[in-house]
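**Q** predicted model follows, preceded by the sequence.
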Amino acid sequence: MQQIPEGYKQDAKGNLRPLAKIHDIDLARDDLVNEIIQEAIELNQLLIDFKNHVFGNIAAFVQLSAEHYGAKIGGHKGNVTLTSYDGRYKIQRAYAETLVFDERLQAAKSLIDECIKGWSDGINDNIKVLVTGVFEVDKEGKVNTTKVLSLRQYKIDDPAWKKAMEAISDSLRVSDTKAYIRLYKRVGDTDKYEPISLDIAAV
C-alpha cells in the first residue's frame, strides 16, 4: 500500500492531493465513511467470533449429551434445537444443502422431450405445459431444482419417462452446505417464538 505523506490524501484515482486543496465537506465525508466502515469491520469480526463460539459450544454440548448414553457422534453435522429450562429461549443449529444437477440432467430432458412428442391422448395437457416449462433457466443459467424434482410426483406409465426420472435422481448432488444459527425468544406467555435478529436490515 502506498505511503501517504503528511498533509496529503489519496483520491479515488490514486493521485495525491494536498489537504489544503480538498473541500471541508469532502474531508468530513471521508472521516464519516471511514469511521462507520471501521466500526462495521469490528462488528463483522465480532459476529464471526460469535458464530464460531456458538457452533463450537453446541457441538460440544451435543457430544456431551450423547456420551451420557454411551454414544459417540461423528462430525458436527445435524440439525438440533436447544431450549432453555424455562422455555423462554430457543437456539437452532441448522444445515442447508444446495442441490445441483450434473450433465445427466440433459439426458433426462432429452428423454422427457421424447415422451412429450409421443404422447397423444391420455396425458393431461396441463402436465405437458408444466413439463416443458420446468427446464427453463434463470438469469444465471440455472434450472429451478424444486421444479425439476417436482416431476417425480407424476406417475406416468411410460418407459422413457421412468428412465428420465431415474436420470434426474442420479444427476442430483450436493454442491454446498451452509450452517445456520437461529436464535428465538418466546413472545410473552404464548407458545410463539420470535427471532432474535442479527441481520442489520431486520433490526
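**A** Great, that's in hand.
**Q** what pLDDT, on average, does stretch 80-99 get?
**A** Averaging pLDDT along stretch 80-99 gives 92.
**Q** got a list of contacts for that stretch?
**A** With contact meaning CB atoms under 8 Å, 6 or more residues apart in numbering, stretch 80-99 is reached by 54-55, 58, 61-62, 77-79, 145, 172-186, 193. (C-beta placed from N, C-alpha, C; glycine too.)
**Q** same check on stretch 18-29?
**A** Here stretch 18-29 has contacts from 7-9, using CB under 8 Å, 6+ apart.
**Q** show me the domain layout of this protein.
**A** Domain segmentation of the chain under automatic domain parsing yields 1-76, 77-203.
**Q** which ones among the contacts of stretch 80-99 map onto helices?
**A** Among these, the members falling in helices (DSSP state H) are 54-55, 58, 61-62, 145.
**Q** hmm, which of those residues are the buried ones?
**A** With burial judged by 16 or more other CB atoms under 10 Å, the buried subset of the ones in helices among the contacts of stretch 80-99 is 58, 62.
**Q** farthest-separated two in the ones in helices among the contacts of stretch 80-99?
**A** 61 and 145 (33.2 Å; CB to CB).
**Q** which of the contacts of stretch 80-99 are buried, as a ChimeraX select command?
**A** To isolate the buried members of the contacts of stretch 80-99 in ChimeraX, using 16+ other CB under 10 Å:
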select :58,62,172,184,186,193
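**Q** what count of nearby residues applies to the nearest residue to residue 203 once chain neighbours are set aside?
**A** Closest residue to residue 203 apart from its sequence neighbours, by CB to CB, 6 or more residues apart in numbering: residue 197 at 5.3 Å. Residue 197: 11 surrounding residues under other CB atoms under 10 Å.
**Q** where does residue 197 land in three-state SS?
**A** coil (DSSP: H, G, I helix; E, B strand; the rest coil).
**Q** check what pLDDT it gets.
**A** For residue 197, the pLDDT comes out at 90.
**Q** gap between it and residue 182?
**A** Using CB to CB, to the nearest Å, we find residue 197 at a distance of 10 Å from residue 182.
**Q** thinking again about what came up before, let me know which of the domains of the chain is tucked in deepest.
**A** Comparing the domains of the chain on average neighbours per residue, with mean count of other CB atoms under 10 Å, the densest one is domain 77-203 at a mean of 13.
**Q** quick one: that one to chain centroid distance?
**A** Centroid separation between domain 77-203 and its chain, computed with CA atoms, centre = their mean, to the nearest Å, is 13 Å.
**Q** can you tell me which of the domains of the chain the model trusts least?
**A** domain 77-203 (a mean of 84).
**Q** a markdown table for the ones in helices among the contacts of stretch 80-99, including distance to residue 47?
**A** Below are those laid out as a markdown table (distance: CB to CB, whole Å):
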| residue | distance to residue 47 |
| --- | --- |
| 54 | 10 |
| 55 | 12 |
| 58 | 16 |
| 61 | 21 |
| 62 | 22 |
| 145 | 29 |
